[in-house]
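Undergrad: output the structure for:
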Amino acid sequence: MITNIHKIFKGRTWGMAVASSTLLAACGSVPESAVKPIKIDGSSKVFPITEIVLETYKSEAANQSIKELKIEGEFSGTGGGFQKFCAGETDISAASRPISQEEMATCKNNEISYIELPIAFDAITVVVNPNNNWSETLTVEQLKTLWEPAAENQVGQWNQVDSSYPDRPLTLYGPDQLSGTYDYFTKAIVGETGASRQDYVKSMDDEVLVTGFSQDPNAIAYFGYGYYQQHQDKLKAVAIDNGNGGVLPSPDTVENEEYAPLSRPLFLYVNAKRAQENPALEIFVEYYLNKAPELVAEAGYIPLPEDVYHIAKVHLQQFDVGSVFEGSPQVGLTISDLMRQPTKF
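TA: I've put the predicted structure just below:
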């Protein structure tokens, strides 16, 4: 059952198979013999959206054109997912950042062409313990002071971030280096992808992080917006000041481009050759794009502009392979403008 995927997923370590689901439909315009299992790996941040899309597909099964659809999912982080995808081991790679130049080169060397499909907005949310009554807003520069490599073993007290803060120890929590959230945060805040202090509590499992975080009044961390939405009783969001005053993450502030620079798109990368060979894969991904505008909010994320979904569907239908990004997060550019640029492979 699809409804059991989330429970299995949360109960295991990252990178292990979480579930397999069979979805039945009444009509059979795609022969059963032509349907192959669809293998997905990648970002845990995208997982809740995929889960809801699968649940919806199942509830609407009588209206689908596939007699039998099998989904096999593993969630080993954006970087781990791309490793498998570029080796030809998966059909879809879920990602919380664009494919990197190194990953693009690996895919090209292995003759893996891909279709890049944004599916939702995320807002990386900086959080403190609810008992923290001194830090309501942090500037981008203060976040850099906290997280840049030079801060390692040097910045360990709250009053080193702001002299008005108490002289209390500072404990940092965050994702590990395989996470797309890690890549985007370091690019947006420090200015270089992957540039970060390493003396912090790190894990790919947000549940592991929040268990320690919730017991530590001196803690600070960053999470995906969806995870923050689900755990607001344990996490207190900090407003981010990018020069125009503190702004909290919300659908409105993300859509209006006020929550900067920590708003980002989430992606599916689809193996183009597999989509041509397996009719079920193309149909499922098209269904995913059609449903994403109404379902991403249920997963705690923010829908993209309508024109972006339209362009993504055109890219899928025309098998327009490659990426519109330059191998790294494009901080400060709108997703609508990016999607209109020529793809590069």
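Undergrad: just the helices in this structure please.
TA: All helices of the chain, identified by DSSP state H, fall at 5-10, 47-59, 77-86, 101-109, 140-147, 180-185, 206-213, 225-230, 251-255, 272-277, 279-295, 306-317, 335-339.
Undergrad: buried sites along stretch 214-232?
TA: Using 16 or more other Cβ atoms under 10 Å as the test for burial, stretch 214-232 gives 214, 216, 218-231. Where C-beta positions appear, they are placed from N, C-alpha and C, glycine not excepted.
Undergrad: low-scoring stretches of the chain, by residue?
TA: For the chain, applying pLDDT under 70 flags the ranges 1-35, 61-68, 329-333.
Undergrad: farthest pair within the buried residues of stretch 214-232?
TA: Asn218 and Gly226 (25.3 Å; Cβ to Cβ).
Undergrad: tell me if I'm right that Lys45 and Tyr182 touch.
TA: No - assessed by Cβ atoms under 8 Å, Lys45 is found out of contact with Tyr182, at 11.3 Å.
Undergrad: so how far is Gly224 from Glu257?
TA: With distances taken as Cβ to Cβ, to the nearest Å, Glu257 is found 19 Å from Gly224.
Undergrad: same question for Leu248.
TA: For Leu248, the distance to Gly224 equals 15 Å [Cβ to Cβ].
Undergrad: for Thr137, give me its contacts.
TA: Going by Cβ atoms under 8 Å, 6 or more residues apart in numbering, Thr137 touches Val238, Ala239, Ile240, Asp241, Gly245, Gly246.
Undergrad: test of understanding: give the bridge partners of it.
TA: Thr137 has the following beta-bridge partners by DSSP bridges: Ala239.
Undergrad: from Gly322, how far off is it?
TA: Going from Thr137 to Gly322 by Cβ to Cβ gives 40 Å.
Undergrad: if we can go back for a sec, ChimeraX command to pick out the buried ones of the contacts of Thr137?
TA: A single ChimeraX command selects the buried members of the contacts of Thr137 (16+ other Cβ under 10 Å):
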select :238,239,240,241
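Undergrad: would TSV of the contacts of Thr137 with distance to Gln160 be doable?
TA: Below are those laid out as TSV (distance: Cβ to Cβ, whole Å):
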residue	distance to Gln160
Val238	17
Ala239	20
Ile240	19
Asp241	18
Gly245	23
Gly246	20
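Undergrad: which of the contacts of Thr137 sits closest to Pro261?
TA: Distances from Pro261 to those, taken by Cβ to Cβ, are shortest for Ile240, at 8.2 Å.
Undergrad: that closest one against Ile124, yeah?
TA: No - counting by Cβ under 8 Å, Ile124 is not a contact partner of Ile240; they are 9.3 Å apart.
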